[in-house]
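Student: Provided below for reference: sequence and predicted model.
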Amino acid sequence: MASTVIGAGITIEGEISADDEIVVQGTIRGKLEAREGVTVETGGVVEADIVSGPLSVSGHVTGNITSSDRVDLLAGAKVVGNVKATRITIADGAQFKGNVDMDV
Amino acid sequence: MALLTVIGRGVRVRGRVTGEADLTIAGHVEGEVAVAGDVTIEAGGLVGANVSARSVVVRGAVKGDLTGEELVRLEDGARVVGDLRAPRIAIAQGALVRGLVQTGGAPSAPARARAETPAARPAARPAAPELARPAPSATAARPAAPSPPSTLAGRPTAIATPQAARAAANHAPAARKGPPPPVVPALKKGAKAALKKKAT
């Protein structure tokens, strides 16, 4: 289990920077920085720019995503914003609007 | 599980944390924490914010006011600089507090509570005698804090008495043996002659 969980029913407005993994089930507005992975679970809402390692989304993300690793948009995910990552997967059933920037 | 929120070590939050759920903080939070559930600040957790929740349990460090709708509990290792306000407050041995502690009262109106503090404080003290800072248990737990007044009170008298004794000792033998030896000559050599010359 990840050491940091933003549970459902919690709203954080501001800046989060983390050295370890973050699981979001609640709401984050502002800015999210994590060296390790970020998981936005179903029901999780992130209205923030995300800078992270591997990112996995099944909730809602509004904001630009920059990942040093892979980004997985899973079924049920809704993402509005630009994605910059080395690898990206968009699952069937994921909603996505934005640019994709991969190092080619 | 679903309603559990953990802000782990190595995580820094700058901003407001609000919501309905329970919250465990083992990292750094700066800003404001206001949740309807229970807040636990673990050892190693650092909060630079006012915290208000149903219950607040502290094992880490807090700089800010703690307001509990039900209770505020400071456990061993807690360090709090700020006011505590809750119907029930527990401060365990080994917890450090600097601030106003107020049990009972209305947690809903902090402004009113502030206005009432002078009147409320003496009423609150007897209700929680172990919380009152000048209590003997507190002095035993923190010898450094109460010591300044005692040394301040003690030092001047301690200094004054030897001085007085020395002065008395100087005066007493002098009175017995006759005129005391002059420390500085009253007049210089030839001063009397100079005065005479001036007079003439």
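Tutor: Sure, I can see it. What you see is a predicted model, and the numbers here were worked out from it, not measured in a lab. Numbers count the residues shown, from 1 in each chain, chains lettered A, B, ... in the order given.
Student: nearest spatial neighbour of the residue of chain A at minimum distance from chain B, skipping sequence neighbours?
Tutor: Nearest to chain B in chain A, going by Cβ to the nearest Cβ, is residue A:14, at a distance of 1.2 Å. (C-beta placed from N, C-alpha, C; glycine too.) Leaving aside its sequence neighbours, residue A:14 sits nearest to residue B:15 (Cβ to Cβ, 6 or more residues apart in numbering or on different chains; 1.2 Å).
Student: Am I right that the one you found is in contact with residue A:13?
Tutor: Yes: here residue B:15 lies in contact with residue A:13, judged by Cβ atoms under 8 Å, at a distance of 4.9 Å.
Student: Name the residues that touch whatever helix or strand residue A:39 lives in?
Tutor: The secondary structure element spanning residue A:39 is strand A:38-40 (assigned by DSSP states H and E). Contact partners of strand A:38-40, identified using Cβ atoms under 8 Å, 6 or more residues apart in numbering or on different chains, comprise A:2, A:21-24, A:32, A:46, A:50, A:52-61, A:77.
Student: one step back: quick one: common contacting residues for residue B:15 and residue A:13?
Tutor: Going by Cβ under 8 Å, 6+ apart, residues that sit against residue B:15 and also against residue A:13 are residue A:30.
Student: Could you work out the end-to-end span of stretch B:179-193 for me?
Tutor: 24 Å (Cα to Cα, to the nearest Å).
Student: pLDDT averaged over stretch A:64-73, what's the number?
Tutor: If you average the pLDDT over stretch A:64-73, you get 93.
Student: cool, and stretch A:32-43?
Tutor: 92.
Student: buried stuff in that stretch?
Tutor: A:32-34, A:36-41, A:43 (16 or more other Cβ atoms under 10 Å in any protein chain shown).
Student: before we move on, the earlier item: kindly write the ChimeraX command that selects the buried subset of the contacts of strand A:38-40.
Tutor: Typed into ChimeraX, the line below selects the buried ones among these, using 16+ other Cβ under 10 Å:
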select /A:2,21,22,23,24,32,46,50,52,54,55,56,57,58,59,60,61,77
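Student: Next to chain B in this structure, residues from chain A, please.
Tutor: A:2-20, A:22, A:25-26, A:30 (Cβ under 8 Å from any Cβ of the partner chain).
Student: now, which of those lie within strands?
Tutor: Using DSSP state E, the subset of the residues of chain A next to chain B located in strands is A:4-6, A:10-18, A:22, A:30.
Student: The residue nearest to residue A:14: what's it in contact with?
Tutor: A:12-16, A:30, B:30-32.
Student: for those residues, which one is nearest residue B:198?
Tutor: Closest approach to residue B:198 among the contacts of residue B:15 (Cβ to Cβ): residue B:30, at 80.4 Å.
Student: wait, is the closest one part of a strand?
Tutor: Yes: remark: residue B:30 belongs to a strand, assigned using DSSP: H, G, I helix; E, B strand; the rest coil.
Student: For the closest residue to it other than its chain neighbours, which three-state class applies?
Tutor: Spatial nearest neighbour of residue B:30, chain neighbours left out: residue B:48 (4.4 Å); criterion: Cβ to Cβ, 6+ apart. Under three-state DSSP, the three-state class of residue B:48 is strand.
Student: and residue B:48, how many neighbours?
Tutor: 16 (other Cβ atoms under 10 Å in any protein chain shown).
Student: number of nearby residues for residue 78?
Tutor: Looking at chain A here, since you left the chain open. For residue A:78, using other Cβ under 10 Å, the count is 16.
Student: Please refer instead to chain B.
Tutor: By other Cβ under 10 Å, 23 other residues sit near residue B:78.
Student: Please tell me how far it sits from residue B:178.
Tutor: Residue B:78 sits 70 Å away from residue B:178, going by Cβ to Cβ, to the nearest Å.
Student: who's residue B:97 bridged to?
Tutor: residue B:80 (DSSP bridges).
Student: which of the residues in stretch B:16-29 are buried?
Tutor: Quick answer for stretch B:16-29 (16+ other Cβ under 10 Å): B:16-19, B:21-29.
Student: Please list which of the residues you listed also come close to chain A.
Tutor: B:16-19, B:21-23, B:26-27.
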